[in-house]
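Colleague: Provided below are the primary sequence and the corresponding predicted coordinates.
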Amino acid sequence: MSDIFIKDKRKINYRFLLLYLTITFLFGVLFVNLVNLQIVEGNENLFLSSTIKTSEVVVRAPRGLIYDRDGDLLVVNKPSFEVVINLEQLPIEREDEIMSNISEIIEVDREELWAEFYKKAYDDEGERIVVSQVNLVKDITRDQMVSISSRNEELPGVFIEMGTSREYIGDETYSHVVGYVREVSSSELESGDYFSGDIIGSVGLEAYYDSILRGTNGKRIIENDRNDTTVRELMPVEAFSGDSIQISIDSKMQEKMTEILGAGIERNGADGGVAIIMDVTNGEILTLVSLPAFNPNDIVRGLSSDEYLSLSSDSSLPLYNRAVSMTQPPGSTFKTVVAVAALQESVIDESTIFNSEGCMELSEGYEFCEVGKAPLGKLNIYQALTRSSNIYFCNTMLRLGIDALNNYTDDFGLGQYTGIDLPGEQKGVVSSKEIKKDLQGEEWYLGDSCNTVIGQGLMRVTPIQMVSWMSAIANGGIMYKPHLLVAVMDENSEVKEAVTPEVINSLPVDSENLDIIKEGMHLVVNDPWGSAFPLRGLESDPAAKTGSAESYRKVNGRFEKQGHSWVGGFFPYENPRYTFVVYLEFGGWGYKSAEVMRDFLKWYDGEYYTQQ
């Protein structure tokens, strides 16, 4: 028994001895290598390490794409060569020479190129900023790329980066919807959220959904020897492309409306115009046209300072999104809101009659009149809407009062943001005693009430607000948040998140009262006296209300009183599906806008369905 124990003990000792010898051998090898690296080859390795230059390059994440409601692309990424400067490798004393060489190769003005470089590479005190790379010029040609790449010695620190640039389908057609991108500014870089040369959304959906579209940049580390030959490249941080978005715009409708609105602006000598169509069942925007517009491709390709100054100072305001940012008096379209409030407050009903003698005296020396002072006779609510009687609605307003009306303008979202997913939306102004006191320092008078009821005075609305209130009348009192986004999609075009329609308010109005307004708007189109007569006889059977809002236009250096043309409504009258607004800036009477909508609906009723 003891012999077995002794034998086992010897086996264990041999195993430990073998382990000790193995460890000793390994440490010996490590020690020899250490001596070799630090002593034998130390000087050579020190020399090599001191001549290896390491630089970091940002790997740009491709932006997500933008699709219309049918899945067709509105924005794409195309391959692009870009001139990038590595400041760590660019000798300060050779900057002027190198900028001259680059400007000669790519055929751009040397002074503009130098100004661009200086803006990105130097701070306000004239010191080089702490940034590894400067993205200097985008979208150079392949020949220019080859020429720069072959001149390493002449252009130290200059290299070509392969990336993508934005291309916008349809040029001007979608410019106020989609917007465009730009490079981050120096002030934005200070936030620490961006890298130099990053591309971000500037206006439109590109800006509103920038955090979704932009993605996450990666990083590449490059090691070069003393001859600027790349030793190796590492990519410790991978770039992830941004998500794509699908929007509610119907491209066929948007393109046709752009064409028709442009013709209407030219025909009526208007300064500009807007046309919006929205789904009354969910708030989706199918068309949003603001003219004049701009070509975003020109901007992203790069405009000279003079070209951009010319565009931004153009008196026609092509960069101005009139659909969401412009506020104007709504004219007689506002009578639809007043009629809803008056019916709900029971100050009038279907049988209420007011007699229009052309004018009425509100106070000594102050008259309030119909257009042209024409007497319209005895009118009920239907006839008052059809003939757009100022006298009928002035009498109604005297019964209702501005305070009661303001409760309903709040419900309709006037003087508030609709929340549409576009930047630059304005709230407008709702006439009230408080607003007049604040703006003009005066008390409220009866004349103010009657000016308000016809959409004049202090009242200011945006086209997107008007299409929202028309939608609520059409659908039975539901205020949907107007929106363009339908879904967020991943890089495989699979839906990650679908947008659910958002109800922002339900009007405290009986359906019977809304039905009276809807019937009255149908008569505005179909009655012989109706001001929206151009819409009569269409298969889509619209209902509408026109408006002519007085304003002042500068003509030959003098201001003349002229009118903005409005029409708002919905179609079809039975079971409404879409609501619309058309606006012509200094376009004259409201029926002029109705003519634009008529031309669109003729196409919609006929050709549109054959294209489906």
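Modeller: Yep, that arrived. Numbers count the residues shown, from 1 in each chain.

Colleague: What helices and strands are in contact with the host helix or strand of residue 177?
Modeller: Residue 177 is part of helix 175-178, with elements assigned from DSSP states H and E. On a contact count with 3 or more CB pairs under 8 Å, 6 or more residues apart in numbering; DSSP states H and E, helix 175-178 meets helix 204-208, strand 285-291. Where you see a C-beta, it was placed from the backbone N, CA and C, and this is true even at glycine.

Colleague: mind checking how far the closest residue to residue 442 other than its chain neighbours is from residue 454?
Modeller: Spatial nearest neighbour of residue 442, chain neighbours left out: residue 436 (6.0 Å); criterion: CB to CB, 6 or more residues apart in numbering. With distances taken as CB to CB, to the nearest Å, residue 436 is found 16 Å from residue 454.

Colleague: Neighbour count: these two, which is higher?
Modeller: Neighbours per residue (other CB atoms under 10 Å) separate residue 436 from residue 454, with residue 454 holding more: 28 against 19.

Colleague: so that one sits right up against residue 336, yeah?
Modeller: No: if you go by CB atoms under 8 Å, residue 454 and residue 336 don't touch, sitting 12.0 Å apart.

Colleague: chain center to the helix holding residue 177, what's the gap?
Modeller: Centroid separation for helix 175-178 versus its chain: 6 Å, with CA atoms, centre = their mean, to the nearest Å.

Colleague: strand partners of the helix or strand in which residue 552 is found, parallel vs antiparallel please.
Modeller: Secondary structure from DSSP H and E places residue 552 in strand 543-555. Strand 543-555 pairs in its sheet with strand 558-571 (antiparallel), by DSSP bridges.

Colleague: In the partner strand, which residues are buried?
Modeller: For strand 558-571, the neighbour count (16 or more other CB atoms under 10 Å) marks 562, 563, 564, 565, 566, 567, 568, 569, 570, 571 as buried.

Colleague: how about residue 442, phi and psi?
Modeller: Note on residue 442: backbone dihedrals following degrees, to the nearest 10 are phi -120, psi 160.

Colleague: could you say which helix or strand contains the residue nearest to residue 442?
Modeller: helix 433-440.

Colleague: Next SSE downstream of that helix?
Modeller: As assigned by DSSP H and E, the chain's next helix or strand after helix 433-440 is helix 446-453.

Colleague: What average pLDDT does the one helix or strand residue 54 maps to get?
Modeller: Here residue 54 sits within strand 53-59, counting by DSSP H and E. For strand 53-59, mean pLDDT is 70.

Colleague: for the following helix or strand past that strand, the distance to its chain's centre please.
Modeller: Counting by DSSP H and E, the next helix or strand C-terminal to strand 53-59 is strand 66-67. Offset of strand 66-67 from its chain centre (CA atoms, centre = their mean): 13 Å.

Colleague: which strands and helices sit next to the helix or strand that strand 66-67 is followed by?
Modeller: For strand 66-67, the following helix or strand on the C-terminal side (DSSP H and E) is strand 73-86. Under the contact definition 3+ CB pairs under 8 Å, 6+ apart, strand 73-86 sits against strand 53-59, strand 66-67, strand 133-140, helix 142-149, strand 158-168.

Colleague: and with 7 Å instead?
Modeller: With contacts taken as 3 or more CB pairs under 7 Å, 6 or more residues apart in numbering; DSSP states H and E, strand 73-86 sits against strand 66-67, strand 133-140, helix 142-149, strand 158-168.

Colleague: closest to residue 302 out of these?
Modeller: Across the helices and strands packed on strand 73-86, residue 302 has its closest neighbour in strand 133-140 (6.6 Å, CB to CB).

Colleague: Quickly list the domain ranges of this protein.
Modeller: As given by automatic domain parsing, the domain ranges for the chain are 55-247, 251-610.

Colleague: Out of the ones you listed, which one sits most buried?
Modeller: Comparing these by mean neighbour count (mean count of other CB atoms under 10 Å), domain 251-610 ranks first with a mean of 20.

Colleague: Show the average pLDDT along that one.
Modeller: So the average pLDDT for domain 251-610 ends up being 95.

Colleague: Now the spatially most central residue of the chain: closest residue in space, sequence neighbours ignored.
Modeller: Centroid-nearest residue in the chain: residue 204, 1.7 Å away (criterion: CA atoms, centre = their mean). Spatially, and ignoring its direct neighbours in sequence, residue 204 is nearest to residue 179 (2.0 Å; CB to CB, 6+ apart).

Colleague: can you pull the contacts of the one you found?
Modeller: By CB atoms under 7 Å, 6 or more residues apart in numbering, residue 179 lies in contact with 201, 202, 203, 204, 205, 206, 207, 296.

Colleague: In contact with the last one, which residues?
Modeller: By CB under 7 Å, 6+ apart, the contact set of residue 296 is 168, 175, 178, 179, 180.

Colleague: which stretch of helix or strand covers residue 361?
Modeller: Judged by DSSP H and E, residue 361 forms part of strand 359-363.

Colleague: continuing past that strand, what's the next helix or strand?
Modeller: According to DSSP H and E, the helix or strand after strand 359-363 is strand 366-369.

Colleague: which residues sit against stretch 64-72?
Modeller: With CB under 7 Å, 6+ apart as the test, stretch 64-72 has contacts from 73-76, 178, 205, 212-213, 215, 241-251, 486.

Colleague: Could you verify my assumption that residue 585 touches residue 268?
Modeller: No: using CB atoms under 7 Å, residue 585 is not in contact with residue 268; the gap is 9.8 Å.

Colleague: all strands in the stretch 451-600 of the chain, in order from the N-terminus.
Modeller: Remark: strands assigned in the stretch 451-600 of the chain by DSSP state E, counting those that start in this stretch are 478-480, 485-489, 495-498, 503-506, 543-555, 558-571, 578-585.

Colleague: Just tell me which of those strands ends up closest to residue 310.
Modeller: Among those, strand 543-555 comes nearest to residue 310, with 20.1 Å by CB to CB.

Colleague: could you give the angle of the closest one to strand 578-585?
Modeller: Comparing the axes of strand 543-555 and strand 578-585 via axes from the mean of the first three to the mean of the last three CA atoms, to 10 degrees yields an angle of 20 degrees.

Colleague: Can you list the low-confidence ranges for the stretch 101-250 of the chain?
Modeller: Along the stretch 101-250 of the chain, segments meeting pLDDT under 70 span 130-132, 222-235.

Colleague: how about the helices of it, start to end?
Modeller: Along the stretch 101-250 of the chain, counting by DSSP state H, counting those that start in this stretch, helices occupy 110-121, 142-149, 175-178, 186-189, 204-208, 210-213.

Colleague: Take the ones you listed and lay them out in JSON lines including distance to residue 196.
Modeller: Below are the helices of the stretch 101-250 of the chain laid out as JSON lines (distance: least, CB to CB, whole Å):
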{"stretch": "helix 110-121", "distance to residue 196": "6"}
{"stretch": "helix 142-149", "distance to residue 196": "19"}
{"stretch": "helix 175-178", "distance to residue 196": "25"}
{"stretch": "helix 186-189", "distance to residue 196": "6"}
{"stretch": "helix 204-208", "distance to residue 196": "20"}
{"stretch": "helix 210-213", "distance to residue 196": "17"}
